Structures are given as C-alpha cells and as structure tokens.
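Colleague: Mind folding the following:
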Amino acid sequence: MMVRVFVLVVLLFCKPALAMETLRVLAWPGYASPETIRSFEAAHNAIVELSVVSTDDELWNKGRHNNGGDFDVIALNSVELRRFIDKGLVTPLQLRNIPNVRRQLPRFRNLASIPGLAREGHIYGVPFTYSAMGLIYNRKLVTETPTSMNAMWDPRYRGKVLAYNSSSHSFSFTALALGLPDPFNLNTSQFRQVLDKLISLRSNVLKFYSQPEEVVDIFRDNEIALIYGNYGEQQLKLLRAAGADIGYVMPSEGALAWLDCWAIMSQASNRGLAEAWINHMLTPGVSGQLTEEQGFANTLRETPNKTMRDSDKMFWLAPVEDVQKRASYWERLMSGAAPRPRY
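Modeller: Modelled structure (predicted):
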C-alpha cells in the first residue's frame, strides 16, 4: 500500500513537467540569451530549444527543411522573410496576441509600411533589431580613416582583411564598392564585374568569418587591418570589450543595412506559445538586454551613441536578382576555384 501511495505522489508531482510544451526557436547569435530563455520558460511552463545560425544561406536551408516543420518561431531579416512567405513557410501574425508591439518606436508601429513585412493585407513579421554593415578598422595598422569600402582591396592590407561568409551580402557590398547604382539587381555585365572584383579580394582576405565572436579570436591572434562589419554594433562591442583599438565608418558609397524580425512558422506546434515568445522579446528587459549585452539597436527605444547617422547613405536589404546564382558562384569561390561565369 505504501508503495502505491508513493508512486501516486511521484506521478502527481511529475505531471506539470510532462505537460510542458517545447518551443523550437531558430535565431542569430545573441538574440536569445540564457537569461531570456530561463525567464520565458518559467513564465510559460515551457522548454525552449534554441538553434543558432551564422549566415542567411544556413538560415534558409534550416528553416525550409522538412517544409518548415523543424521550428516554431524564427528570427530573419525582412528580405529573407519574403522568401519564407513565398514558400508558405511562415504564417500571418495575430497582432492582438502580441500586445507589446504597442511599445515599439513610432517608426516600427506601422508594420504594413515597412517593405517585406506585409503581404495581401496580412502581417508576417515583427521588427526586433537593425544595423548597418560598415567598415571596422584597426587604428594601429590603418593610420588614416578609410572613406570607401574599396580599402578592403588595398594591397597594403594583403592577408589582413576579414570578410563575411555570405553570398548575397558579398555580391551586394562589392557592387557598392564598384559604384553600381542598384546592388541588389545586377545585369549580366555587372555580375561579371562584381564576380571579378570578389575574386581579386581573396588575396587580401585572411578569412571569411561567420560568427561575431570568431572575429574577436582572429583579431587577437593576427594582424587584422580591416573587417567588413556584417554584425555592425555587436562586433564593435565585442572587439572593444576585448581591448581592440578600432574605429567604425560608413563608407562614402553607402552601406548595406538590415532589419531583423520575428516570424511564426506555418507548422508551429503551439502558435500561442510562439506569439508569447515574440511578445516576451519585446519587453523592455529583454530588448534592453539585447542592446546592453550585444550592442544591437532595439525597436523599443533609441540607442545612445548610435553609429548610424541620418546623413549616412544606407541601402536597406532588398531581394536580389538571382539568389541561387549568387550562392552557386560564392560556393565555388569559397572552395578556392576561380568561378568565372560562362556567358
């Protein structure tokens, strides 16, 4: 009899744990800190399974796998969001279930006016953070502040440049360096010019990095003059915390800039929990932590000492002329081949 009572008590105490829902999150480094996850799990009696990506290509491949059934909620930029909408991988949001959108800065409240977030009257993404991709320079090796992204091709910095491992962004920022008017839509001739210039960049690049923390380690162990700052303010914060004497500039030809959002996958196993996650990420504590710990701007308040000035020329990310073509040539370039296009 005593054994039966003990088993009953154990089952009663285990029942809440067995009833816990799991939320599968796909995001970028630093977006969901351990503290943020713990507070959400405690508030919603849930378990969060976080997967982190380092490139848009990786995010696309993971996000679309199993027809999008591997994740419930995803962080992605407004351009990638369009691809996910096109393939039916994300679902329209019920903003009434995400009341913290009312806390956001005025520029982020009219979601339908932000390119890429709406389709046929439905909202698919809620802004979370944004940044420009400027040029980071080592004050000890670069004596004059660079004004152009073309500094990355300067022969003085051979083997002393870090660039980002991304097919789409690399073609676009190189197009800007060439002075092309639209970095997202390259015709045949322009594509050839950009590809040739990217091939010539390889001799200057010590490594094509993926993670922001990776840059700190490389910078510490090597003479690095210039870094393409794909993660913007996050990289600045990490490098300066490591004692690096660096500067940061927006190139004269303009800089790419991104807006990252939260979206819910069409096959989310618990839509309510996914909505609760987005709402949680828009609380002052969590969004403030993103800025304080990672250096990213958030959508609830203005970032002090922001590096993006109103006078800077920005090119907000937009769909490119041929995603697969860029990815294909980039893969061959990264493999060490000379991927000359055939025309």
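
Colleague: how about Pro183, phi and psi?
Modeller: The phi and psi values for Pro183, taken as degrees, to the nearest 10, are phi -70, psi -10.

Colleague: List the residues that contact it.
Modeller: Pro183 sits next to 171-173, 175-176, 256, 315 when contact means CB atoms under 8 Å, 6 or more residues apart in numbering. (C-beta placed from N, C-alpha, C; glycine too.)

Colleague: can you pick the most crowded of those?
Modeller: Phe173 (28 neighbours; other CB atoms under 10 Å).

Colleague: what about that one, is that helix, strand or coil?
Modeller: Here Phe173 is recorded as helix under DSSP: H, G, I helix; E, B strand; the rest coil.

Colleague: Repeat that for Ala297.
Modeller: Taking three-state DSSP as the rule, one finds Ala297 in the coil state.

Colleague: What's the per-residue pLDDT of it here?
Modeller: The model reports Ala297 with a pLDDT of 86.

Colleague: How about the one 5 residues further on?
Modeller: We note a pLDDT of 77 for Glu302 in this prediction.

Colleague: residue contacts, the closest residue in space to it that isn't next to it in sequence?
Modeller: Spatial nearest neighbour of Glu302, chain neighbours left out: Leu105 (7.1 Å); criterion: CB to CB, 6 or more residues apart in numbering. Counting by CB under 8 Å, 6+ apart, Leu105 makes contact with 299-302.

Colleague: And Ala32, by the same measure?
Modeller: 25, 48, 50, 281.

Colleague: Once you drop chain neighbours, what's closest to the first one?
Modeller: This means Val25. Spatial nearest neighbour of Val25, excluding adjacent residues (CB to CB, 6+ apart): Leu50 at 5.0 Å.

Colleague: which one of the contacts of Leu105 is nearest Asn110?
Modeller: Thr299 (12.6 Å; CB to CB).

Colleague: Can you show me the helices along the stretch 51-200 of the chain?
Modeller: 56-64, 78-86, 167-177, 188-201 (DSSP state H, counting those that start in this stretch).

Colleague: The stretch 201-343 of the chain too?
Modeller: Secondary structure of the stretch 201-343 of the chain (DSSP H, counting those that start in this stretch): helices located at 212-221, 233-241, 271-281, 284-289, 323-334.

Colleague: Relative to Ser148, which of these is closest?
Modeller: helix 233-241 (19.4 Å).

Colleague: Taking their axis directions, the closest one and helix 212-221 sit at what angle?
Modeller: On the basis of axes from the mean of the first three to the mean of the last three CA atoms, to 10 degrees, helix 233-241 is oriented at 30 degrees to helix 212-221.

Colleague: Tyr231 versus Arg82, what's the distance?
Modeller: Arg82 sits 22 Å away from Tyr231, going by CB to CB, to the nearest Å.

Colleague: Among those two, which residue is more densely surrounded?
Modeller: Using other CB under 10 Å as the criterion, Arg82 and Tyr231 rank with Tyr231 on top: 28 against 19.

Colleague: ok, Arg24 - contacts?
Modeller: Arg24 touches 49, 51, 70-73, 269, counting by CB under 8 Å, 6+ apart.

Colleague: Try it again at 6 Å.
Modeller: By CB atoms under 6 Å, 6 or more residues apart in numbering, the residues touching Arg24 are 49, 71-72.

Colleague: Using CSV, lay out those residues together with neighbour count and pLDDT.
Modeller: Shown next, in CSV, are these (neighbours: other CB atoms under 10 Å; pLDDT from 0 to 100):
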residue, neighbour count, pLDDT
Glu49, 13, 98
Phe71, 24, 98
Asp72, 24, 98
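
Colleague: which one of the residues you listed is nearest Tyr209?
Modeller: Nearest to Tyr209 among these is Phe71, at 24.7 Å by CB to CB.

Colleague: contacting residues around Ala327?
Modeller: Ser167.

Colleague: Correction: the previous question concerned Arg326.
Modeller: Applying CB under 6 Å, 6+ apart to Arg326 gives the contacts 167-168, 171.

Colleague: ok so, going back, wait, which of the helices of the stretch 51-200 of the chain is closest to Phe128?
Modeller: Phe128 lies closest to helix 78-86 among the helices of the stretch 51-200 of the chain, at 10.8 Å (CB to CB).

Colleague: got the contact list for that closest one?
Modeller: Residues from elsewhere that reach helix 78-86 (CB under 6 Å, 6+ apart): 56, 90, 116, 119, 124-125, 259, 263, 317, 319.

Colleague: From the contacts of Pro183, pick the one nearest Asp221.
Modeller: Distance to Asp221, by CB to CB, is smallest for Phe173 among these, at 25.4 Å.

Colleague: Which pLDDT does the model give the nearest residue to the closest one once chain neighbours are set aside?
Modeller: Nearest non-adjacent residue to Phe173, counting by CB to CB, 6+ apart: Leu256, 5.7 Å away. Listed pLDDT for Leu256 reads 92.

Colleague: for Ser335, same thing?
Modeller: We have a pLDDT of 86 for Ser335.

Colleague: For it, grab the count of nearby residues.
Modeller: 8.

Colleague: need the contact list for it.
Modeller: Ser335 touches nothing, counting by CB under 6 Å, 6+ apart.

Colleague: how about it, phi and psi?
Modeller: Torsion angles at Ser335 (phi, psi; degrees, to the nearest 10) stand at phi -80, psi -10.

Colleague: how close does it get to Phe208?
Modeller: According to CB to CB, Ser335 stands 12 Å off from Phe208.
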